[in-house]
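Peer 1: have a look; sequence and predicted model below, questions after that.
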Amino acid sequence: MQITIENLCKFFGKVKAVDNLNLDIADKEFVAFLGPSGCGKTTTLLMIAGIYKPTSGYIRFGDRVVNHLLPKERNIGMVFQSYALYPHMTVFDNIAYPLTLKKVNRKEKKQRVQRVADMMGIGELLDRKPGELSGGQQQRVAVARALVKEPAILLFDEPLSNLDAKLRLRMRGEIKRLQEDLSVTSIYVTHDQVEAMTMANRIAVMNHGILQTYGTPNQLYEYPDTLFVAGFIGSPPMNFLKIDLEQEGDGLYLVRRELKIRLPEEIAAQVKPSVVPSQVIMGIRPEDVHIVPANEGDFDAEIYVVEPLGREDLVSFRLGEEEFRALTPAPFKGGVGTIMGLNLTKEKIRLFDPDTGNSVLKSNK
Amino acid sequence: MTNFGILEWWNPKNWSLTNYIKIFNNHFFPKILLNTIMYTGLTLFLFNVGMGLVVALITTHIRRRTGFAFRAAWLLPRITPVVVYVMMWKAMAGPAPMGIINDYFLRPLGIGSGEYLLMTNPWVFVILVNGFIGASFGMILLSSAIESIPKDYIIASKVDGGSTWQTIRYVELPMIKWPLLFVTTYQTLSLLTSFEQILLLTDGGPGLYQTEVWSLMAYHRAFATYFGNTQWGYGAAWSVVLVIIGIAMAVIYMRVFKFGELLQEPKIETL
């Protein structure tokens, strides 16, 4: 089922929860809504589910405007962070609930529940109550309940947030595989950028009710449209540095007290001419910063702290007021306070307008 | 229990079970028992639980502020002094042309001939008077219970395809089972022992024991006979039996609502 969202707005009193959202989700696509809490992602999800009525704008399933449809007329399956399993019903009754409401006959109900429960690996637990299940089992029951009516659209509202790290990793893979096997159009709301990156075909990043960007995980990671996206996607986050962009001869240079970097041709060609010269924000990911001996890199900096991550070490430097991080293969030898050189992979440098936060690179996809 | 009158109560020869036997031999005992069952049962199910639940459900499924105002209005009978409240009902139920009910409701509809309604239909008023006070207790308790059901359950049920009524039936009602048990039990006991409204309204009449209930009987025996004939012991015996009935009712409710299941330990094996 293809979903189209047009100029969608939602007000709660005077608070604007969703602001002029435009989005299209292709049939069978897995889209993540990513953003910090209160960014409007769950509100959007609940409007798609039919729980909230949009203040203005349209939601279409296929060609049909569904704004006025009741939730039960939308054929949607939904999984909640709290699981929302009815505590007074057995697992069987929980999964069968959508069928009970539709008055499906007993025999068919039993077959369908058993089939979906077996698929989720909870076929043995059907006579338990939710209170007698672990978190992971409850989550499986919740997914089974969403799947049993064979919905056209699946909605996930932070379904893995209540699970421990190990189980979360496992369920992440299972849900992704399930979505691919069933080919159901799915929307997955999360504040965890790793979940969004690993699971979704496309990610819609939202902040303060406004869509920041919409693209594949790779586009968002490599060519973020805005500072917010650049800082939100990727862990550890991208480094930002205030720096002057200047023209010198036929080259573009990034200049700051301690450093001067010539932009490589491919990046320089993308810079919008109107921003030269001006102060910009340079962004570069920690894995594109390489630690070399002092005086051998693009600039020198003093080590502030070293954080071992196992496979790699995260080394933080101080540059005036700002912090600058580099990922380096473990074990890193070098103590706090040592001066080291830093070399940047210059093709990976991204530039942003400090006032608007938008990328100043022209065609960045 | 003693033959606890004014005279000679300290004398052991007056201590016997005579008063209990007297209760069951009383000519009006079946009438009073039936009255008590009718009064408690009808008031409880029509109003204290029934109307309380209906009002709670309605006011939690409409706009919040409207619901709140409506619930506040429903509290008026409870916060009005009981004597004033009952006197207002008596006036309302008065004969034409004084009684409001006769004058404004029945006559325009062409019902009845303006008779003194309290005298012709005493039970209707006994139940209404008590019910309108009693319903507010269930309403407050149950509406807060309904409002405290996590929103995810309601959303889940709607997305799963439930209409409002189906959501109430399959999700909300089972989830307020415990407050419902409490309201039912508490209100049963409270109705069994409350008699002040009936005392003020009909004093057990009109006629002989027509609206006399158990607790009113106990009161009448113990305190409302002329001095020198005060049957304290007899009245107390009525009360003791009422307490036993009350305890029995509470136990029955707990069985019916499967109280044990509500308190069961969870059986979680693995995470």
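Peer 2: Nice, thanks for sending it over.
Peer 1: tell me the secondary structure for the residue nearest to residue A:5 when sequence neighbours are not counted?
Peer 2: Leaving aside its chain neighbours, residue A:5 sits nearest to residue A:23 (4.3 Å; criterion: Cβ to Cβ, 6 or more residues apart in numbering or on different chains). (Each C-beta comes from the backbone N, C-alpha and C, glycine too.) Using DSSP: H, G, I helix; E, B strand; the rest coil, the secondary structure recorded for residue A:23 is strand.
Peer 1: residues in contact with residue A:23?
Peer 2: Counting by Cβ atoms under 8 Å, 6 or more residues apart in numbering or on different chains, residue A:23 touches A:3, A:4, A:5, A:8, A:204, A:211, A:214.
Peer 1: residues from the stretch 101-250 of chain A in reach of chain B?
Peer 2: A:101-102, A:128, A:131-137, A:145, A:149, A:155, A:164, A:167 (Cβ under 8 Å from any Cβ of the partner chain).
Peer 1: widest-spaced pair of the residues you listed?
Peer 2: A:102 and A:164 (35.3 Å; Cβ to Cβ).
Peer 1: which one of the contacts of residue A:23 sits closest to residue B:211?
Peer 2: residue A:8 (62.7 Å).
Peer 1: gap between that closest one and chain B?
Peer 2: 19 Å (Cβ to the nearest Cβ, to the nearest Å).
Peer 1: wasn't that residue part of a helix?
Peer 2: No: with three-state DSSP as the criterion, residue A:8 is located in strand rather than a helix.
Peer 1: ok, what's across the strand from it?
Peer 2: residue A:21 (DSSP bridges).
Peer 1: just confirm it contacts residue A:59, I think it does.
Peer 2: Yes: taking contacts as Cβ atoms under 8 Å, residue A:8 lies within contact range of residue A:59: 6.6 Å.
Peer 1: could you pull up the residues touching the closest residue to residue B:242 other than its chain neighbours?
Peer 2: Leaving out its chain neighbours, the residue that sits closest to residue B:242 by Cβ to Cβ, 6+ apart is residue B:214, at 5.3 Å. The contact partners of residue B:214, taken as Cβ under 8 Å, 6+ apart, are B:32, B:33, B:35, B:36, B:192, B:238, B:241, B:242, B:245.
Peer 1: who wins for most neighbours among those residues?
Peer 2: The residue in those with the most neighbours, by other Cβ atoms under 10 Å in any protein chain shown, is residue B:238 (25 neighbours).
Peer 1: quick one: residues contacting it.
Peer 2: B:23, B:214, B:215, B:217, B:218, B:221.
Peer 1: what's around the fifth one, how many residues?
Peer 2: Other residues near residue B:218 number 23, with proximity taken as other Cβ under 10 Å.
Peer 1: returning to what we had before: got any residues that touch both of residue A:8 and residue A:59?
Peer 2: residue A:47.
Peer 1: looking at the two, which has the bigger crowd around it?
Peer 2: Taking other Cβ under 10 Å, residue A:8 and residue A:59 do not tie; residue A:8 has more neighbours (25 against 22).
Peer 1: tell me the confidence at that one?
Peer 2: If you check residue A:8, the pLDDT there is 94.
Peer 1: repeat that for the one 10 residues further on.
Peer 2: The per-residue pLDDT reported for residue A:18 equals 93.
Peer 1: in the host helix or strand of it, what counts as buried?
Peer 2: Element membership for residue A:18, per DSSP states H and E: strand A:15-25. Neighbour counts over strand A:15-25 (16 or more other Cβ atoms under 10 Å in any protein chain shown) mark A:16, A:17, A:18, A:19, A:21, A:23, A:25 as buried.
Peer 1: what would these look like in JSON lines with distance to residue A:225?
Peer 2: Formatted as JSON lines, the buried residues of strand A:15-25 follow (distance: Cβ to Cβ, whole Å):
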{"residue": "A:16", "distance to residue A:225": "21"}
{"residue": "A:17", "distance to residue A:225": "22"}
{"residue": "A:18", "distance to residue A:225": "19"}
{"residue": "A:19", "distance to residue A:225": "17"}
{"residue": "A:21", "distance to residue A:225": "16"}
{"residue": "A:23", "distance to residue A:225": "15"}
{"residue": "A:25", "distance to residue A:225": "19"}
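Peer 1: measure residue A:296 to residue A:290 for me?
Peer 2: Shown here: residue A:296 relative to residue A:290, a distance of 10 Å by Cβ to Cβ, to the nearest Å.
Peer 1: try residue A:188
Peer 2: Distance from residue A:188 to residue A:290, counting by Cβ to Cβ: 35 Å.
Peer 1: now do residue B:109
Peer 2: According to Cβ to Cβ, residue B:109 stands 93 Å off from residue A:290.
Peer 1: next: residue A:267.
Peer 2: 18 Å.
Peer 1: how about residue B:127?
Peer 2: 87 Å.
Peer 1: so for these two, which sits in the more crowded spot?
Peer 2: Ranked by neighbour count (other Cβ under 10 Å), residue B:127 and residue A:290 place residue B:127 first, with 20 against 15.
Peer 1: ranges for the helices of the stretch 151-271 of chain B?
Peer 2: B:151-159, B:164-167, B:173-175, B:177-193, B:196-201, B:214-223, B:232-256, B:259-262 (DSSP state H, counting those that start in this stretch).
Peer 1: what is the burial count for residue B:248?
Peer 2: Neighbour tally, residue B:248, other Cβ under 10 Å: 10.
Peer 1: check what pLDDT it gets.
Peer 2: 89.
Peer 1: also residue A:79?
Peer 2: Per the predicted model, pLDDT is 93 at residue A:79.
Peer 1: tell me the contacts of it?
Peer 2: Applying Cβ under 8 Å, 6+ apart, the residues contacting residue A:79 are A:139, A:142, A:143, A:146, A:154, A:155, A:156, A:157, A:159.
Peer 1: which phi and psi does it have?
Peer 2: Main-chain torsions, residue A:79, degrees, to the nearest 10: phi -120, psi 130.
Peer 1: look up how far residue A:188 lies from it.
Peer 2: 9 Å.
Peer 1: and residue B:63, by the same measure?
Peer 2: Taking Cβ to Cβ, one finds residue B:63 at 33 Å from residue A:188.
Peer 1: kindly report the same for residue B:127.
Peer 2: Distance from residue B:127 to residue A:188, by Cβ to Cβ: 56 Å.
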